[in-house]
Structure formats: structure tokens, C-alpha cells
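Chemist: quick one, what's the 3D model for this:
(7 chains, ligands or ions: 2)
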Amino acid sequence: MNLFAINMVLAFAWVALTGGLTLGGLTTGYVVGMAAMWLVRPLFPETGVYFRRLYYWARLIVMFVYELIVSSLPVVRDVFTPGQSSQPALIAVPITVTTDLQITLLANFISLTPGTLSLDVSADRSTLYIHAMFGEDPDAIRAQISDRFEVWVREATE
Amino acid sequence: MIHDLIVALFVLSGGIFCFAAGMGVLRLPDLLTRMHASTKAGTLGSGLILVAVAVQFAEGTVIARAVAAIMFLLMTAPVAAHLIGRAAFRTGVPMVDKTVCEDGVADALRARPGEQAPD
Amino acid sequence: MTMLEYVILFGFALVILGVVLAAIRLVRGPSLADRIVALDLMTVQLVSFGGLTALLSGSAGFLDVAVVLALVGFLATVCLARYLERRILLQAEELT
Amino acid sequence: MELLLALSVGVLVAASVYLMLDRNILRFLFGLALLSNAVNLMIFASGRLTPGAPPLIDAGEYAPTGVVANALPQALVLTAIVIGFGLLAFTLALVYRTFMTLGTVNSDEMRVAEPVDAGKEAGK
Amino acid sequence: MQSLILTTTTRLLAALLLMFSVYALLRGHNLPGGGFIGGLIGATAFILYTIATSVDEAQAALRVDPSNLAMAGLGVAALGGIGAGFAGDPFFTGQWLFLFRDGDSYVPLSTVLVFDIGVYMAVFGGILTLVFALEQEI
Amino acid sequence: MADDYPSVDRVMGGPAGWISIAFPTILFLYFLGLLPEIAQGPQVHGIEWVPSLGVNLSVLLDGLSMTFVLLITGIGAAVTLYSARYLGNHPDYPRFVSYLLMFMIGMLGLVLADNLIMLFVFWEITTIASYLLIGFNADNANARRSALQALLVTGTGGLILLAGLIVLGTVAGTFELSQILTMGDMIRAHPWYLAILLLFLAGAFTKSAQVPFHFWLPNAMAAPTPVSAYLHSATMVKAGIFLMARMNPALGGTDAWFWILTLFGGVTAVFASVMAMRQTDIKQVLAYTTLMALGTLTMFIGAGTHYAIMAAMLFLVVHSLYKAALFLMIGIVDHATGTREAAVLGGLSKVMPLTGLAAALAAISMAGIPPMVGFIGKEFMYKAGLGLEGFGAFWVTMMAFAASVMMFAVGGIVALKPFRGDLRPTPKAPHEGPWPMLAGPLVLGALSLIFGLVPGVLGYYLVGPATHAVFGQVLPVELYLWGGINMALILSLLTFLAGWLVYRRHQSIRDRLAAFEARSPIDFDAGWDRLLDGFKAFAAWQTRLIQNGSLQRYMAVMFATFVVMVGGTYLLKGAFQGVPGLSADGVHPVQWTVLGLIVAGAILTVWTHSRMTAIAGMGAAGIGVSLIFIMFSAPDVAITQLLVEVLVVVLVSIVMLRLPYLPRRSKTRFRTGHAVIAGGTGLVTTFLLMSVMATDFDRRLTTFFEVTSYPEAHGRNIVNVILVDFRAMDTFGEIVVVAIAAIAAFALLRGAPRRKPEEES
Amino acid sequence: MSWLLVYPILIPLLTAVLSYLFRNSPAGRWISVAGTVALLLASVVLMSEVLEQGVVAAQMSNWQAPFGITLVADLLGAVMVVITAITGLATVIYSLSEIPERLERLGFHALLQTLLMGVCGAFVTGDLFNLYVWFEVMLISSFGLLVLGASREQLDGGIKYVLLNLVSTIMFLAGTGLLYGLTGTLNMADLHLAVREVENTGLLTTIAVIFMVAFGVKAALFPLFFWLPASYHTPPVAVSAIFAGLLTKVGVYALIRMFTLVFDHDVAFTHTILLWAAVVTMVTGVLGAAAMNDFRRILSFHIISQIGYMVLGLALYTPLGLMGAVFYLVHHIIVKANLFFVAGVAKRIGGSTDLSRLGGLYAHAPVLAFLFLIPAFSLAGFPPLSGFWAKYVVVKAALDLEMWFVAGVSLAVGLLTIFSMTKIWGSAFWPAHPDGIKPRLSDLPMGDRMALMLPIVALAALTCIIGLFPESFVLFAERAATQLLDPTDYVTTVLGVQP
Ligand code: NA
Ligand code: NA
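Modeler: Ligands and ions are numbered 1, 2, ... in the order given. Below you'll find the predicted structure:
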């Protein structure tokens, strides 16, 4: 987060220079600062990682939003159609990510995506327990999580 | 006009998701399925309307605030769902009969009853 | 009134209906957890309400309501969930 | 709207008062919280209602353009809300402490400061 | 409450809330916000912290006794009012200093802001005092 | 005081004693020096005290006040001298003396006052002093009871008197007696005259123990002996007599005055004389004869003729002299023998000759036997009585006669019987008293004799001027021992005869009276107890009724009061003037829904029997309220409201972990009465709010804030500018509330040792 | 000069802050003492300013009235501030001995100071909503003080006190909102003018009655006084004393202020209600006192009864009546606080405030007995003590209006007051102690004796001074009453314009 801090300092400097302490000004300052850092990146040995990380974060967020929209639709359909087509299930999902941040991100990701909801993490942090609304095929759900979500999360955070 | 259309689209879809969330919470059979509706549709609905606001005003500060609000929603909604779901499960809130439970999951969820009761 | 305003009003109606539906769940329960879910959803829907008001009035001031709500509504839910979990340990069952 | 709002405030007040007349002080507390809300609404409405125009001065202007909502009752209500919160919070703590000490939340069972037989003794 | 997910989120969220509360405080004079709202939001940050961890940890993170903070806030607010006395004005008269003035844009410093900071501290400290005290009872 | 007379380790009570003796003595001598001057005519001196209320420290020196002053100080000197020896070693003697001096000062101020309010001030001082004096032996429950009784009876009279003083002052336009006394005709013609009269007489009658307010006086005997003497002979009880005499020029002379005073006075005199016969304790006997004298005095003041007034003034002096002597004497006897029972005592003159002498002088005067001054007093009474017209003459004369007969007999009982005959065994071996205690009775007895022999002096210096002052006109006053053979003399002789017969048969009379009293349903003293008990029971009953300890009841009464008062005013004053017009855009369905949400939340909170559901209901209502704030352009308020809602939920969710559940619905029956109160409150609120919103609104303040907010206060958020600038003082107070609420709650939670709830529900 | 009006608020606040921050060291308590002394000095200066210049006003934040908040002191306001400072100082000194260190560490002094702040604020503010705020400051501080220590009695009494007072506060707030909605202003001087423009006077009267009920609770009028006897005997004595002396008087003050300055449009209606409320209050209060068997509970019921006299003075609405009310206010604060102080000492040396478990004070603590008699007789209205003049003026005012019944009741209540006072005297002082204790003042450590007796002696001396030299106080009350009945000066000074 060192670089992020530097970037923030730059953003505040921008605000001071241009006046107008607003979130907009700050964001502008942050972007401008980032651009400046990118220009002088040889001076910062870690800038490469910093910018790649930014890309992964952006991808994570985008995918997150996408999955959210896509996954909402079946729920909405089930809500509006008469009767219940869902097949709820409680599923254990083994996970490989290790840090707190990764586990949290993954769990949240799962909660916001296709008919799944994280209920808890096992004490040894190796398993996520989730509730699936359309849990006819637990293995497919497990596969989706480990193949896609886990990867995105890991890439964004490592 | 296009601008208005986009805004209208976001507003409309957001509204529908909000409504759907309410509907789901009311109609779905058990707590955990209701939570699906509230967590996903609710968050999405509100997010979409915030996007509409951002588009409509198209000002830096407004966009920033709208984005911030969306971020906050996305950060908090799943955590809240996790906490309620876990608590509900631990307190034995009933699930619909057709729920399939993998081996050990129920035990694992109930195994650790939070903290010890004080005194 | 412009088309957009009609749409916004319609959006209002949808959101408020959603709130009402959630409120019905709030009343009906049956479990405390259900009520917490309903209340949580209501706060989230209020975020929409704030946004829609901002749109309708043309004043971004209302957006702040949405931002604050998005942040702190969570806190109420967390506290209630914690209550739900701990209560079992501290006292006899209150399921309704 | 004015009429409806007045009616709603009335219902809110009636509900709160009914709660406050309960011998269970928890229900009193709920009534108190509701009543605060009702009175806040009342002050707010007393300053008249203006939809969709918050009392903010847009950048570049020196005064609000057009009619904006009455800012003063808003400030008053804001103050009242915060004060009400402070009082409610204290009361909550008081109820809690009372229960822990006296073992009841039923006000009829709290007869420590005014014992039932005090009057009779004096009559002798 | 023991939850890895909550604890992790709280780390981020509490910091965000604190930042946001300062933001709400500073811009309150021009947009919705101000000392109350700022103080309330700031307090929620530490409440979240308390719930995710414990009173002791939250207290340690805060370092100062919140009741002292609340009372000090009253003092700061009073100072914001007393400041006017040095200019020969009545209590609470706003004293303004416009830094970096350039046309309509400037960084304002004022006794009004000092007062609002006092409000922030009082509300923040007061609520945390309450929450910590109640929480320790459980 | 088992140790007989105190040894002299505190000579004459020490400094306190010396001061107490010197004070009345010096004053007595001083006023004695003024006597010739005052005999020429009254004087008024004064300084301002509370001029804005018309209250001054002004002194009216005339014959009446001089007579009283000399009695007070003269007998005061005797009593203080006596008590210095009698009580000098008592650990509380200084306290006693200070009460005594306070009492004396009160009496002096009272009789010297020219200002009515000043008179009242001193009147009340005597009440307080007598309370403290009667209760001096505070360990004795009886003394405490008697003190309270005296205080309440005379206090009641005092307060009624105050009303009378104020009304009289209003009628007369001044509180100065020297002026009021000249306005008699105007006052008597005033429509409020009767009210004033009754108010004054209530004060006078209670203080002077007229039947039926007499019962406190015999009970006041619990006070140490010299005190009784002082109280009963010279002073306190005569304050009422003084008041009637003083007011005679202003209030007297009417039929009401005549009949009230003569009837009450006569009944009191006769009743008291009979009761005196009934007593065995000599001190009690004397107490009742005092009552008798008071009745007689009242009667003659009421009679109101020049002769009657003269008789009253003369008898006043006569009575003071012999009664003080007798009280002091009985103190010596009590001290010497250990008893005051008339039946036990006899033959004391052998061992206590000087005491016997004093007793004899006083008793002869009391019996009205020449050449004592008492004889003159009796003669003038008969003359005055016979000089009246119609039934009045008969009544007054008969009552005076009956009283005199009894006085004759009582004189024998108290002074003759204990000293004559054979010495009887008593609890202590009797011996003569020391000189400080003997001096008083002897001097007073001697004066009774001297004044009887040279009545002119008395007439010229005291009785004459006093009569002038009371009668209001200057007519000649001549006192003489021998007035020739007339009807009065014949009555006197009859008095002696009848009195002698009564004295001879007094034992059997007493027995019969005792038997009668035992059967009589009327017992004033017991009646007092019943009255007091009844009052206490009533007070307790009403307090239990009102302050019954139930919070629920308190709350209900409070809200009911609100509904009745506010709703009643609303209806009574026609505040309803139509409903407010709807806003331009009508009622949006969204608004309907939001209001519905509020209402639903409120109803849910009432309806549910689950705490958390109630909290959810409150939450819903709170959310609805914040939606209203959002809809009607109050973002700051909405944010605050939401934040506070959340915080409330946070706090409640913590606290509820420990608090018990609400009772099941079966236990919470619907409370109709409460529902009516609640509904009424809601209805009142609705109508009030509606009516307010229906009026035109004055936006002056708001407009000012809108135009100055940015240019002068440098803020674009008007609400915030109001909070931190325009109305910063409110905010200042408000944050104090928040901070102090927190500190108070913290102190509350930490202030008590942590305890388990006594019962888990 | 504008700062003179701020000091009574600012000094206690700063004192509260500092004494709280130093609550764990002895410094905290001495800061509290010093701050109260400063408050007394400031209030005296304010008083002299008001005496010299008439009504004094200051516009906070420098905004012209009625837009900003105005602080204003007329004679009544100024004297109430002075008396607050006096009572506060007495309480602080008394508390040096009475309040254990444990409670000091919990913030006793801060709570006491903010209580003074709230009370002073209520007395000097010229703004209705601001009055509400100061009421709340006062209220929350009193809550804290009342339950400080959290004994069982305190909690029970506290619940009743808190809940009932909260309701009255909400009524006050509602009334304020409605009045604002009707007139569009909050400044009380401006309200004086604005109510004359109101067309729906019936509505105005209705709102006036809301205030009457709300302040009636604060002032402990019948039938709204329940909270007082339920709670006043429960907290530490120093707290009881300042509550008994000051708090209900703030309610009376508010009644006087509102029903002379603002609601004078329908006196025949509003003040008649007040009149009968006052009469019944006098009677029920004193009967309550007669029924009690505890030193402090008797005194608590007396408060109610005496409040009746004050409100009666207001209800009569004549110069003499208001003068009586003002005189009564001042006199009663001093006397009543002092009686509670005495009760505290009695408890300390005699072991209880229950009259059946107390005794021997007359024999063994004669000084205390004497110091009890002064306020006790003063309260009962015996001349020549302060209470006599108070009662005299009120009764005379009633008689001047030919209200025989009212005057009669006030006199009868005076008698019953005497009765209940003798109840204390006849149980706690005269008879021997039931447990054979010899309650001696000399048994107290020197420091404690100083701290406890100094306030008692000082207040008793004040009672005597007022009683023996009443002229200047009467003149003062007269001037104050004149100001109240004709608020032209007040309005002109606040608004800076001729009305
Ligand atoms: Na009082
Ligand atoms: Na009080």
C-alpha cells in the first residue's frame, strides 16, 4: 500500500494546487498522480506490480458486476413466476486462497453471484460453506468457483 | 434525449430489481432463499439507480459519490448476508424441506457456536 | 412533466412497493432472522429512494443520504445478526 | 398531504402513548422512541412542506434560486433528533441497570423508593 | 463476533467510514454533513470495529478515553465560540480566514469549523462512551 | 432535679441568668419612668421597616400598652429571677432562658406595635417561643404533644388573624393602629366589617383560649412551672385579650361585637370555673382559673361600656398579680414537697411560712375579699354588668357572679387548704424556698394588697390610661375600695356566701363532676386527638390515592391531563377553523405509501409481543419518517435520522441481550382506558397540527437565513449554517446533552456493583 | 458587555470539562469549587449590570434578533442566575464531604456543573427553542446525578423521574414546534409581538395550554408532580438539595416567563386554570407532606405545596401577585436547599432520614437544631423570616382581588406546613434517638464539619437577612414584577426597536 499512499499524497497536492477540496478534485488528483507515477515509474521499482494490480482489480470489479447482473436474473424469474423452481442446497466448497483478504473477497463474490450465498468459512480456512438456490449440480458450482472466482481474486491480490 | 433514455433505462431496471427484491423476500419459501433475493436483487437495484444518478448529473463529485455508494453496497451486502445466514443457521431457523444438505455441512455450520456465553 | 420524470415516478412506485413488500415480511416474520433480512433490504431500498429523489429534485444533496445509508445500514444488520446469534447463548429461545 | 401527514402523526402519537402507558418499561421505551419521531415530524410539518428543493445554495449563487424548503425547522428537528437520541440512550442504560439491580422491567414491581406501606404507616 | 469475513471487511470499512466522516465534517458547511453527521459516522466506524473484535481492541485503537474525548469536544466547541471574543465580537460570531483566495475559490478556515470539530468530537466520543460501556456489560 | 435545689456552682444560672434577669428589670424600670408621661396621652414613635409593604416598626405607647409592658417586664423580672434559681443548673438552662427572652420580646413587640403587621410578627414570635417552651422537657412525650397542640391551635388563629389584618389594612388604607383606631365609624360601616371582626376574633379567641379553643391551655402545663406562670398569668394568653382591647375603638361597639364576646366570654368563664373545681392538681386548677379570667375579660371587653372596659382593665392587672404569684408559689410547693395534689397537701404554713404568706395574699385577692385589689376588681365587674341594658345585663352579671363564686372557692382550695391544718406527709420533706424564688410571689402578693389600699395610684397611672386607650374616649376613672352600699356590694356578699358553701363541699362537687365527666361524650382533648388522627388518615389516604407509586398510573394521569386540558381548550376556544389545503401537486401515491409505512410500523410496534419485532416496527416507522424528510427536502435531517435509527438499533441490540422478553399476548390484555387516552392524545395532536398548517406562515426568519447564509456566513448548506452559526447556541447545548448523556450512562453502569438480576423471567 | 450574559453558561461548561478531565485527581473537585465561585462572581456582576441598566441583552453570533439567538437578562432572570450560583456553590462545598470519591471519579462535578449550565442557560435565554435545549441539558445532567451511585431506591425513583420528565420534555418540544408554525418565530420578545398578529387566537390559547402542561410537569403542579416525590429523596443529599432548591423553580420560571411575556392574550382563561392548579397543588402537596414519615420525603412534598404559592402569584397576575411569586422563588430556593442540607447532616450523624429511626438531635446537636429551625420556620411562613414576607405578599395579593377562598386555602396550607415541619422536629429533634445514638456534630471530622456546615450557616444567614431586612428584596421583587407585567423594556432591548 506504500505506493497507494504516495498516490494519495499526490492527489492531495493536486487538490491544494487547484483548490476545491471535493471528491471529484481528489479523484482527478489521484488519476493525475497515477499518471505521473506511471511516467516516472523507473524511480519506483514496484510500480509495475502496482499497475498490474490495478488492472486485476478492475477486472475483478467488472466481473463482479457482470456476475451480479447475470445471477440476479434467475432469482428474479423465480420470484415472479408462480411456484418455486429452485432446488436449494447446502454445499461445501474447498478453497485454495489463504489470506484474510482473499477469503473475504471470494466469499463476498460468491454471495453476490449465481444463486449462491456464503454462510461461513471453516475453522481451518480450507472450506467455504455456501447455500445455493439452484443447487441441482453442486460440482458445477464448485468448479465455477475454483476455476474462475478464485483465480480472479488471487490475481488481484497477489 | 439519449442521455435521458439511458437514465430512464437504469431507473426502470433498478426499480424493477428493487421491487423484485421485495417480492422475493415476501414470496420465497425460507430464510436462506429470501436472502438470495435481498442480497442480489436489492443490491443490484439500488446500484443501478445510483448509476442513473451518476449518469444524470454527470458531475465529478456526483459520480464519485454514486460510485462510492455502489462500492459500499457491494462491500457490505454479502457480509451482512453471511452474518445473518450463519446466525440463522446456528439458531435453527427452518429451511424448506426440499433443501439438499451435503454431508457434514450442517454439522460444520452448527459446530462452532460463535463465542462462549459470558459469565 | 417530461418522460424522464414519469419514469422516475414509476421507479419511485416500484421501489416503494418493494419497501412495502419487505415491510410485510417484516411484519410476518416468522423468525427474527426473516425480520432482519427484511429490515436490511429496506435500508438498501432506501438507498434507491435517495437516488431517485436526487434525480427528481435535481439536487445531488440527496445522494449523500444514499451514501450514508449504504454504509451504516450494514451496521444495524450486523448488530441484529449478532444479537440473533448470541441471544441463543444467553437466554431461552425467542423464535418469533 | 398536510391532512394525511397530520393524521399519520396522530396515529403515531396514539400508538406511542398506548405503549407508554404499559407497565413494561421496555414497551414504554418503544413508545418514547416513536413519540420522538412523531414530534419531530410535527415540528417539521409545522414549518410547512416543500417537496424537492433542499435548502442548499448552488455553487455560483449567492442565495437559493426559487423556493427552497424551510431550513429552520430542519435545523430544529436535527437538534431535536440528536437530543432525543441522547436521552433515549441514557434511558436505555437506565432500564438496563434497573433490570440488573431490581430484577424487573415491570414498573408496578418497582416499589423501592415509594414502598407500598409508607402511606399506611403515616396514617397510624 | 468471530467472523473472518466480517473482521476483514471491517478493517477496510472502518477506515473508510472514518475518512468519510471527516469528509462529511469538512464539507458540512456547504453540503449535507457537518459535525453531527460526521461524528455519528465516525462513531459507527468504531462500533463496527468493536463488534468485529472487542471493546478492548477498539479502545486500544482509539487510544483516548472516549468520554474524555466527548468532554474535550465540548471544550473545543466552546473555544470556537470564545474565539470571537478576541475580535471583540459576541460569543459564537464566526471568524473567517480565507487561505489561497483566488476569485471564488479558497480554502476557508474559521472558528465555525472549530466549533463543528468540537461537535464532531462530542458526538463521536459520547456515542462511543455509551457503546463501550454497554458492550462491556454483556 | 431530684437533687432538690441546685447548688450554686452556676450562680443564678451564670451569665445567661444574669442577662435574663437584667433584661426585664431594666425595661421595667425604664417604662416605669415613662409612666407619668404616658398618663398624659399616647405617643407614637417609629422607624421604617418594609415601607413598600406599609410595614413599619412603629410603637404606640398608651395606657393599654404601658399596662401590658409593665406586667410583662415586671412579672418577667420575677419569673426570670425565680427560674435562675429553679433551673439554673439545668444543662439546657441557657436555651431555656433564650426562649424566655424571645417570648418576652415577642410579647413586648406585640403590645407596643402600632403597625398591624409588626403586631403579627411579634404575635407569631410568641407562638414559636411558647412552642419551644412548652416542649422544653422534650424527652416527655406529653410535653411534645402539648407543645404541638398549642402551636397548631394558636397558629391557626394567627393565620386567620393575618388575613384579618390584611383585610383591615386594605379597608383602612394603612396598617398603623394610631390611624386605624380613629376610623372606627368607617370600618364598622364597611361591608367587610363582619369578616374582619370574625377573622380578628378567631385569632384572639384561640390565643386567649376561649371555649371551644381552650383545651390547649391546661395541657400547656407540661411546661416548667415558672414558664406556665409567665404564659398564663401575664402574657401569652392575654395577647388575645390585648388584641380585643386594642381593636375595641375600631371594631367594638356593634351588636355583633357585644354578643360574640359576651357569649363566648361568659361561657368560657363559667365552664372554666366548673372545670377548675374538677381538678386535683393545683397547677391544673390554676390553669382553669386562668381560663375563667380570660373569659371574664373577654366578656367585659365585649360589654363595651366605659365601666365594663374599666372593669376589664382593672381585672387584667388584678389577675396578673395574683395568678403569677400563685403559679410561682405552687412551683415552690411542688419543689419542696414533690407533689401538687390538693388532696395530699395540708399544714404547710408551719414549715413554709413565707410561701404560705404569699399564697394567702394572692388567694385573698383572687377570692375578691377586701382590702385586696381583687375586691375592687369584682365590685367594678358587678357595677359594669348591672349597668348594661336588657338581657345583656342579666347575662353578664350572672356569668360574672358565677365565676366569682368559683374563684372564691378555688382561692380556698389552692391557698388555704394546703397551708392550714395539720402537716400531711408528702413525697419529700417540705422546707422553705430560697429567696430568689420567694421574692416574686411575695412582691406580687404585696402589690395586690397595696393597690387595694391605694387604688388611686393604680387608677391614675394604669387603669385610667388603659381604659382611655381601649374605650377610645377620655372619661374619668376613679378606683375606690368602698363604694357605699349598693347592688354590687350585695352581690359581693352573696358571692362570699355562695363561695364559702362551694368551698366547704368542694370534695363532693369534685367527685360528682368527675362522675359526670366520665359519662360526658364531650371531651375536647380527646376530640383533638381524633381530629389530628383523622387529618393524618385523610392526608395518608389522599396521598396513597394520588402518589400511589405506580408509574403506569402517573403516566396515565399525565396524558389524560394533556388530553383534557389541551383538547378541552381546543374545543372551548373554537380553534378548529378548517383543514389545510392540499399542496399543489396533490397526494402522490408514493406519499400515501410512505405514510402507510409509518402507520404500519407504529401499529406493529403496539401489536407485537416480541421485542425484536417491536424494534423492527420502530425501525420501519423511523425509515418512513426519514423518507418524509427526504421527500420534503431535508437531506441533513434524513441522514441524521437514519444514523440515529441505526445507533438505536445498535444500542438496543446490545441491551436486549440481557433484558427479559415481553410478556405473551395472553398476559397483555387490551387496556380500554389507556386506549382512550392514547387515542385522545393522537386526535388532539392531529387537529393541532392540522390547524397550525392551515394558517398563513410567516417566513421572515427563513428568508433572512436564505439571503445571508452564503454572503455573510459563508456557507451554502443553510441548515448547517443555522446549526453552527445562526443558532450555534442550540447546537452547543445539544452536544452537551449528548456528551452528558454518555457520561451519565457510563456513570450509571459503572456506579453500582455488578449484580445478577434477582429473577430471570 | 454581551459576554456578561454568556459567562453563566460558559463558566460552568468549562468547569465541567476541566473537572471531568481531572476527575481522577483532587484537582477536579477544586476546579469545580473555583468554577462555581467564578460563576457567582460573574452572576453578581451581571446582576449589578441589570440593576443599573435595566434589561440587558446580547445577540449570539452577532445576528440581529429575532434571527439569531438572544441572551437576555431582566431582573427576574438575573436574580435567578445569582441564586443558582449561590445554591450551586453551597452544593459544591457540601459535596466535598458528602460525595464519596468513587462518585467524583464517575464525573459528579461535571454533571453538577452542566446542571448549573443548563439552569443558567434557561434563565438567560431569550429564545424558546434554546430554552428547550437548556431544559434538556439540565434534565440529562439531573438524570445522571439522580442515579449516581445506582442504589435500588435511586433506580426506582430514577425510572419515574426520567420517564415522566421525558414526556413533559416532548410536550414542550411539540408546543414549541406548533407555536413556531403558528407565528414563524422563536425569539420570545418577537413572540410577544407576533402573538398579537395571530388570527386564530383559540389555537394560540390551545398551544399556551400545551406549554402549561409541559411546564406544569417541570414545576410539579397538580396533577403532574408525581415524579418529584417519587425520586427526590433517593439521591445523595447534595443532589437532593440542589434539585429541591433549583430544578422545579426552572419550571416555575418558565411558566412565569411564558405566561407574562408570550401568552398574555387570554389571561382570564389561562391564568384561571393556573389559579386552580396552584390551589390544588398547595393542598395536595402539603397533605402529602403530612402523610410522610421520612425527613426528605416530607421536604419533597413541601416543594410541591410551595410551588403552588409561586404559581398562585403568577395566576393572580397583579403586580403584587407576581412580586410574591418572584420573592417566593428566591426565598424558597435558599430555604429548601438548606433543609435538605440539614437532612443530610442529620442522616450523617443520626444514621437515617427515616423519622422513626432518628432522634436526639435537639439534645446533642443544638447548633444543627437551631439551623434547622431557621429554614423550617421560614418555610412555614413564620415571621420575621423570609418565608413570611413571601406568603404575606401572595396572600395579600389574593385578598386584594377578594379571592377569599384562595387566600383562605393558602393560609390553611401554611398551617399544615407548620404541622408537617413539627413532625420532623417532633421526631428527629426532640425525642431521644430510638437506637440510643447520641448524634453529635463534633463526631464528624473537622473538614467534613466545615464542608457540611458552611453552606447551611450561609444559607440560614441569608434567610435571616431577607427576613429581617426585606425592604430591598421587596423593592427588587416589585421592580421585577413590573418588568414582567410590562415587557416593553424587554422587547425593546432584545429587538433593538420600539415595538
Ligand atoms: Na423546591
Ligand atoms: Na426541584
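
Chemist: so where do the helices sit in the chain?
Modeler: No chain specified, so I'll use chain A. Using DSSP state H, the helices of chain A run over A:2-18, A:23-39, A:47-80, A:100-111, A:138-144, A:150-157.

Chemist: was after chain E, sorry
Modeler: For chain E, applying DSSP H gives helices covering E:4-27, E:35-52, E:55-62, E:66-86, E:111-137.

Chemist: would a markdown table of the ones you listed with mean neighbour count be doable?
Modeler: From N, CA and C alone the C-beta is placed, and that goes for glycine too. Formatted as a markdown table, the helices of chain E follow (neighbours: other CB atoms under 10 Å in any protein chain shown):
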| stretch | mean neighbour count |
| --- | --- |
| helix E:4-27 | 20 |
| helix E:35-52 | 27 |
| helix E:55-62 | 16 |
| helix E:66-86 | 23 |
| helix E:111-137 | 27 |
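
Chemist: farthest residue from the center of chain G?
Modeler: In chain G, G:Gly436 marks the outermost C-alpha relative to the chain mean, sitting 37.0 Å out by CA atoms, centre = their mean.

Chemist: assumed that residue was part of a helix.
Modeler: No: judged by DSSP: H, G, I helix; E, B strand; the rest coil, G:Gly436 forms no part of a helix; its state is coil.

Chemist: just give the closest residue to E:Val112, not the sequence neighbours.
Modeler: Here the nearest residue to E:Val112 in space, its sequence neighbours aside, is E:Gly94; by CB to CB, 6 or more residues apart in numbering or on different chains that works out to 4.4 Å.

Chemist: am I right that G:Tyr161 is in contact with G:Pro229?
Modeler: No: with contacts counted by CB atoms under 8 Å, G:Tyr161 stays clear of G:Pro229, the gap being 10.3 Å.

Chemist: who has more neighbours out of the two?
Modeler: Taking neighbours as other CB atoms under 10 Å in any protein chain shown, G:Tyr161 and G:Pro229 compare with G:Pro229 leading, 30 against 27.

Chemist: what's the more buried one in contact with, if anything?
Modeler: Taking CB atoms under 8 Å, 6 or more residues apart in numbering or on different chains as the contact definition, G:Pro229 lies against D:114, F:547, G:288, G:297, G:300-301, G:304.

Chemist: quick one, helices of chain D?
Modeler: Per DSSP H, chain D carries helices over the ranges D:2-20, D:25-46, D:71-102, D:118-123.

Chemist: of all these, which lies closest to chain C?
Modeler: helix D:71-102 (11.7 Å; CB to the nearest CB).

Chemist: contacts (any at all) between chain E and the closest one?
Modeler: Yes: using CB under 8 Å from any CB of the partner chain, helix D:71-102 reaches chain E at D:78, D:82, D:86, D:89, D:92-93, D:96, D:100.

Chemist: how about the residue most central in space within chain B, secondary structure?
Modeler: Central residue of chain B (CA atoms, centre = their mean): B:Thr39, 1.5 Å from the mean position. Secondary structure state of B:Thr39, per three-state DSSP, is helix.

Chemist: test my guess that it contacts B:Pro78.
Modeler: Yes: under the criterion of CB under 8 Å, B:Thr39 makes contact with B:Pro78 at 6.5 Å.

Chemist: so what sits against both of the two?
Modeler: Common contacts of B:Thr39 and B:Pro78 (CB under 8 Å, 6+ apart): A:111-112.

Chemist: let's see the pLDDT reported for F:Gln507.
Modeler: We have a pLDDT of 84 for F:Gln507.

Chemist: cool, and F:Ser761?
Modeler: F:Ser761 is given a pLDDT of 36.

Chemist: remind me which residues of chain B are low pLDDT?
Modeler: B:110-119 (pLDDT under 70).

Chemist: so, low pLDDT: which residues of the chain?
Modeler: Using chain A here. In chain A the weaker segments, taking pLDDT under 70 as the threshold, are A:1-6, A:10, A:12-25, A:36-50, A:84, A:114.

Chemist: chain G, not that one
Modeler: Ranges of chain G meeting pLDDT under 70: G:1, G:498-499.

Chemist: touching chain E at all, stretch A:88-105?
Modeler: Yes: interface with chain E: stretch A:88-105 contributes A:100-101, A:103-104 (CB under 8 Å from any CB).
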